[in-house]
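Chemist: give me the fold of what follows.
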Amino acid sequence: MEAIERVVSYTGLRRRAPTDPPARGWRRVNRFGRYLPETELPAALAAQERTRALAEADGYRTWLWRVCNESVDTEINVELGEFTIKSSRAMLTPVHMSDFDDYRQLFGPMDAARRPQCALVSSSAERQQVRLLGLRHDLVAWTADPRPMDLGYPLAYPSAAPAWVREVAAPWLARVLPGVALRMAPHAAHADVALLAGTAAP
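Modeler: As a prediction, the model looks like this:
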């Protein structure tokens, strides 16, 4: 099974090389030829139990939808001849992920003409996660949230801060939090503890 993963992901040959990751055991999870790595088997079995429990409560139609859309981490289906990650088909790693410093440190520069294969693990409006096939690493790309951040602190610092807060904060604020725009909770004027929060550009 490890050889199948290496060959279909173009990360190695059928015969194991000394630089390949340690081989994992693979287990068949049903009678239809589905195999999973033993390292991922407990999570897959737990998901199956949750599906069975929900089927008893929701009926056959909902159960069938869950089974058909059940997502496991890594699967080789020898009956259908498929290799999937999270029920996703293989694709080339997105070009914009080639600039990741973590990737370069682990695998070196990414050749745009020979990008490694990956599979989509999860995707949302501001986040994309892919799994590198045969390399056992994930890449996650984030984009900045365009929504303004509401800290919930209405008072501006230092203009609305009591004198004792400015006296305590001023000596170290410029050294520790340079360029941070601070806001303050309203109860600081009549308390011996002041709550401040701020944001800074990345």
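Chemist: what's the closest non-adjacent residue to Arg183?
Modeler: Nearest residue to Arg183, sequence neighbours excluded (Cβ to Cβ, 6 or more residues apart in numbering): Tyr153, at 3.6 Å. For glycine as for every other residue, the C-beta is placed from the backbone atoms N, C-alpha and C.
Chemist: now the one you found: how far from Val29?
Modeler: Note on Tyr153: its distance to Val29, by Cβ to Cβ, to the nearest Å, is 51 Å.
Chemist: which phi and psi does Arg131 have?
Modeler: Torsion angles at Arg131 (phi, psi; degrees, to the nearest 10) stand at phi -110, psi 130.
Chemist: quick one: neighbours of it, just the number.
Modeler: 23 (other Cβ atoms under 10 Å).
Chemist: before we move on, what about the one 4 residues further on?
Modeler: The criterion is other Cβ under 10 Å. On that basis, Leu135 has 19 neighbouring residues.
Chemist: 895 is where my numbering starts, stick with that
Modeler: Got it, first residue is 895 now, which makes that one Leu1029.
Chemist: for the residue nearest to it when sequence neighbours are not counted, give me its contacts.
Modeler: Spatial nearest neighbour of Leu1029, chain neighbours left out: Thr905 (6.1 Å); criterion: Cβ to Cβ, 6+ apart. For Thr905, the contacting residues are 899, 1010-1011, 1027-1029, by Cβ atoms under 8 Å, 6 or more residues apart in numbering.
Chemist: so of those, which ones are in strands?
Modeler: Gln1011 (DSSP state E).
Chemist: need the contacts of Thr905 in a markdown table (columns: pLDDT and distance to Thr913).
Modeler: Conversion of the contacts of Thr905 to a markdown table gives the following (pLDDT from 0 to 100; distance: Cβ to Cβ, whole Å):
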| residue | pLDDT | distance to Thr913 |
| --- | --- | --- |
| Glu899 | 78 | 15 |
| Pro1010 | 86 | 15 |
| Gln1011 | 85 | 18 |
| Leu1027 | 80 | 16 |
| Gly1028 | 78 | 12 |
| Leu1029 | 82 | 12 |
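Chemist: max pairwise distance over the contacts of Thr905: which two?
Modeler: Spanning the widest gap among the contacts of Thr905 are Glu899 and Pro1010, at 12.8 Å by Cβ to Cβ.
Chemist: what's the overlap in contacts for the two?
Modeler: When contacts are counted by Cβ under 8 Å, 6+ apart, the set common to Glu899 and Pro1010 consists of 905, 1027-1028.
Chemist: for this structure, what helix or strand is lowest in average pLDDT?
Modeler: helix 954-962 (a mean of 63; mean pLDDT, DSSP states H and E).
Chemist: what's the end-to-end length of stretch 1041-1054?
Modeler: By Cα to Cα, to the nearest Å, the extent of stretch 1041-1054 from end to end equals 26 Å.
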